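Peer 1: Could you look at this predicted model? Sequence included:
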Amino acid sequence: MKKINFLLLFVVATVLNLSAQIPSEYCGYLIKPENNPKATAYITFETNSEGNIVISIAPYDGDNNTYFRNSGWVDGIINDITVDGDASGAPYFERTIGTPEDPDQAPQAHGSASQITLKPLATIAQGAKIVINGVLEYETSMDDNLWPTIKFEYTYGSNCQNVPAITTTVDAISFSPEQGVQTFKLSGENLTSDIVLAYSKGLTVTPSTITPESDGSITDKTITVKWEGGASNPYLNISGGGMLVNNNKDIDITATGFSEFCNKIISQGNNGTQFLAYATATTSSDLKTVTFDIAPYNENENTRWANSGYLLNNVKINGVDATGNYQKEYGETSTSLVFNSPLQKGDVLTVEGAAFVWQIYNATTGDAIETNAFIDPIQSYTVGCDCKADTTTGIANAVSNTEVKIYPNPAVDTVYVEGDVNEIAIFSLQGQQVLTNSKTNTVDVSGLASGLYIVRVIDGSGAQSSAKLQVK
């Protein structure tokens with residue numbers, strides 16, 4: 001085993017001067033392994049005034065049984081923690097587990113606790129990069145044996161005080177042909193630059209840039225999202241403001257009742273990376289014509305369908321060969337299948353083989369970038385579906401234009417909410433839901449740490465409103 005240097009042998013830990021705040025990379029950081037949605041939880045890393053790293057886990061969406069399991073990491077992973085890339089040959093930290101209310105609390109069954117404390121066994125410079133890499137063990141109500149492999153890279157000395165952060169009154173929105181507009185509110189604290197909302201083709205988001213006030217705040221800014229032609233792969237990402245990448249926020253978007261091809265991103269061999277383009281499919285009002293349009297993915301490109309001999313072949317309706325029952329009308333950016341008699345709404349049209357074949361050219365020079373991009377797998381489209389939605393009426397999950405009235409504010413224990421209340425939810429500024437209550441106008445906040453929170457209220461009609469709450 002290698003020896004720690006002379007200085008490290010004699011100095012146990014440095015009590016940090018945290019007057020110069022460093023924002024932590026992990027302030028309510030969402031853990032959501034792609035292969036296991038049940039594994040969702042929040043992780044926070046902070047260095048306290050004694051120089052210890054405090055790692056806490058918190059529930060997602062009101063779960064009541066989220067804990068570290070088996071002390072979070074096996075001893076080998078703790079022993080292999082690196083500091084600025086150096087594995088000293090001896091452990092850098094001593095670990096204890098407990099809860100925020102009782103850091104020295106004995107663990108529950110199978111080593112479960114909501115907080116881990118790492119006490120340095122040697123001097124570590126403020127700003128040093130701490131890397132923990134390996135299987136993190138934890139549990140939720142949905143799964144009591146979760147063990148994703150996650151690499152954490154944390155800046156020693158950083159914490160979650162005065163960290164640039166935003167919160168929104170919704171985490172997800174949905175669209176349908178009858179519902180083409182959604183709104184929500186956005187608030188932020190300690191922001192140092194503009195907030196930017198990036199979104200997929202076929203949506204419009206207003207405003208798409210928000211400038212914070214001089215004190216770095218944004219208060220209940222209403223965001224309007226419209227389905228303008230829509231997207232088969234919709235997204236809305238919120239970033240900027242000086243936030244760390246880990247604190248960027250994605251609003252989940254779902255859409256039902258539309259064409260499978262609404263500005264759908266197509267790619268070479270369906271690999272998602274090469275020769276991208278947008279494809280849209282619609283049905284004529286008489287149900288006799290199905291049209292496929294193509295548009296460029298990149299602004300500096302022109303995209304067109306390949307000639308009709310290589311496009312939209314082996315057509316079937318509900319699995320039955322349609323040869324002889326349609327004609328192909330080819331166009332460079334719009335090609336149609338015209339059927340001899342009307343189809344039925346809900347019929348499933350499939351094309352097989354080289355279903356889509358397209359070409360991409362440089363928009364300035366006209367030079368070919370790719371002349372034979374194609375998708376092999378079967379492509380399916382539901383007849384009668386298009387990409388239109390009503391963007392003038394009926395805003396589901398709308399956010400009220402008026403701020404909900406809550407009192408007292410600041411609060412110590414019980415908070416009262418005026419008006420029709422179906423659900424009360426309280427969020428941290430990192431977007432973590434920390435409390436929820438239904439069918440009542442009160443909520444007890446005595447268990448919350450002091451600080452600023454966002455209160456979201458949903459009334460009996462589903463309308464939402466929000467307000468800031470200071471907890472003492």
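Peer 2: That came through, no problem.
Peer 1: just the helices in the chain please.
Peer 2: With helices called from DSSP state H, the chain shows them at 6-10, 75-79.
Peer 1: what packs against the last one?
Peer 2: Just to be clear, that refers to helix 75-79. Applying 3 or more Cβ pairs under 8 Å, 6 or more residues apart in numbering; DSSP states H and E, one finds that helix 75-79 makes contact with strand 129-135. Yep, even glycine has a C-beta here, placed from its N, CA and C like the rest.
Peer 1: How about residues contacting stretch 73-84?
Peer 2: 87, 91-93, 95, 118, 124-125, 128-137, 156 (Cβ atoms under 8 Å, 6 or more residues apart in numbering).
Peer 1: ok, of the residues you listed, which come out buried?
Peer 2: Buried residues within those, counting neighbours by 16 or more other Cβ atoms under 10 Å: 91-93, 95, 118, 124, 128, 130, 132, 134, 136-137, 156.
Peer 1: quick one: least confident of those?
Peer 2: Checking pLDDT across these, the minimum falls on Pro91 at 84.
Peer 1: Quick one: residues contacting that one.
Peer 2: Pro91 sits next to Ile78, Asn79, Ile81, Leu121 when contact means Cβ under 8 Å, 6+ apart.
Peer 1: rerun at 10 Å
Peer 2: By Cβ atoms under 10 Å, 6 or more residues apart in numbering, Pro91 lies in contact with Ile4, Asp75, Ile78, Asn79, Asp80, Ile81, Leu118, Leu121, Ala122.
Peer 1: on that earlier part again, can you flag the weakest of the helices of the chain by average pLDDT?
Peer 2: In terms of mean pLDDT, the lowest-scoring of these is helix 6-10 (a mean of 36).
Peer 1: how much space between the nearest residue to Cys160 once chain neighbours are set aside and Tyr67?
Peer 2: In space, and not counting its chain neighbours, Cys160 is closest to Cys27: 3.9 Å by Cβ to Cβ, 6 or more residues apart in numbering. Here Cys27 is placed at a distance of 19 Å from Tyr67 (Cβ to Cβ, to the nearest Å).
Peer 1: And the two? Which one has more around it.
Peer 2: Neighbour totals were compared for Cys27 and Tyr67, and Cys27 leads with 27 against 24 (other Cβ atoms under 10 Å).
Peer 1: Surely the more buried one touches Thr155?
Peer 2: No - between Cys27 and Thr155 there is no contact under Cβ atoms under 10 Å: 11.8 Å.
Peer 1: Spell out which residues are contacts of both of those two.
Peer 2: Phe45, Leu244.
Peer 1: How many residues are close by the nearest residue to Cys385 once chain neighbours are set aside?
Peer 2: Leaving aside its sequence neighbours, Cys385 sits nearest to Ser259 (Cβ to Cβ, 6+ apart; 4.3 Å). Neighbours of Ser259 under the rule other Cβ under 10 Å: 24.
Peer 1: same check, this time on Lys405
Peer 2: Counted with other Cβ under 10 Å, the neighbours of Lys405 add up to 13.
Peer 1: do the same with Thr254
Peer 2: The local packing of Thr254 (other Cβ under 10 Å) involves 10 other residues.
Peer 1: Can you pull the domain assignment for the chain?
Peer 2: If you go by automatic domain parsing, the domain ranges for the chain are 6-155, 164-258, 264-382, 400-472.
Peer 1: Determine which stretch of those is the most buried.
Peer 2: Ranked by mean neighbour count, these are led by domain 164-258 with a mean of 18 (mean count of other Cβ atoms under 10 Å).
Peer 1: Across the sheet, point out what pairs with Thr283.
Peer 2: Val290 (DSSP bridges).
Peer 1: tell me the contacts of it?
Peer 2: 259, 289-291, 342-343, 345, 347, 349, 381-386.
Peer 1: Where do the strands of the stretch 351-472 of the chain begin and end?
Peer 2: Under the criterion DSSP state E, counting those that start in this stretch, the stretch 351-472 of the chain contains strands at 356-362, 368-375, 379-382, 406-407, 414-417, 423-427, 433-438, 442-444, 451-458, 464-471.
Peer 1: So for this structure, which residue is the most central one in space?
Peer 2: With distances taken as Cα atoms, centre = their mean, the residue of the chain nearest its centroid is Asp250 (3.2 Å).
Peer 1: and that residue, how far is that from Ile166?
Peer 2: Asp250 sits 12 Å away from Ile166, going by Cβ to Cβ.
Peer 1: got it, and Asp347?
Peer 2: From Asp347 to Ile166 the distance is 45 Å (Cβ to Cβ).
Peer 1: repeat for Ser334
Peer 2: From Ser334 to Ile166 the distance is 41 Å (Cβ to Cβ).
Peer 1: cool, Asn298 as well?
Peer 2: On the measure of Cβ to Cβ, Asn298 and Ile166 end up 29 Å apart.
Peer 1: Ramachandran coordinates for Asn162?
Peer 2: Here is the backbone geometry of Asn162 (degrees, to the nearest 10): phi 60, psi 30.
Peer 1: residues in contact with the residue nearest to it when sequence neighbours are not counted?
Peer 2: The shortest distance from Asn162 to any residue other than its chain neighbours is 5.0 Å, reached at Asn190 (Cβ to Cβ, 6+ apart). Asn190 makes contact with 21, 23, 161-166, 212, 215-217, 241-243, 429, according to Cβ under 10 Å, 6+ apart.
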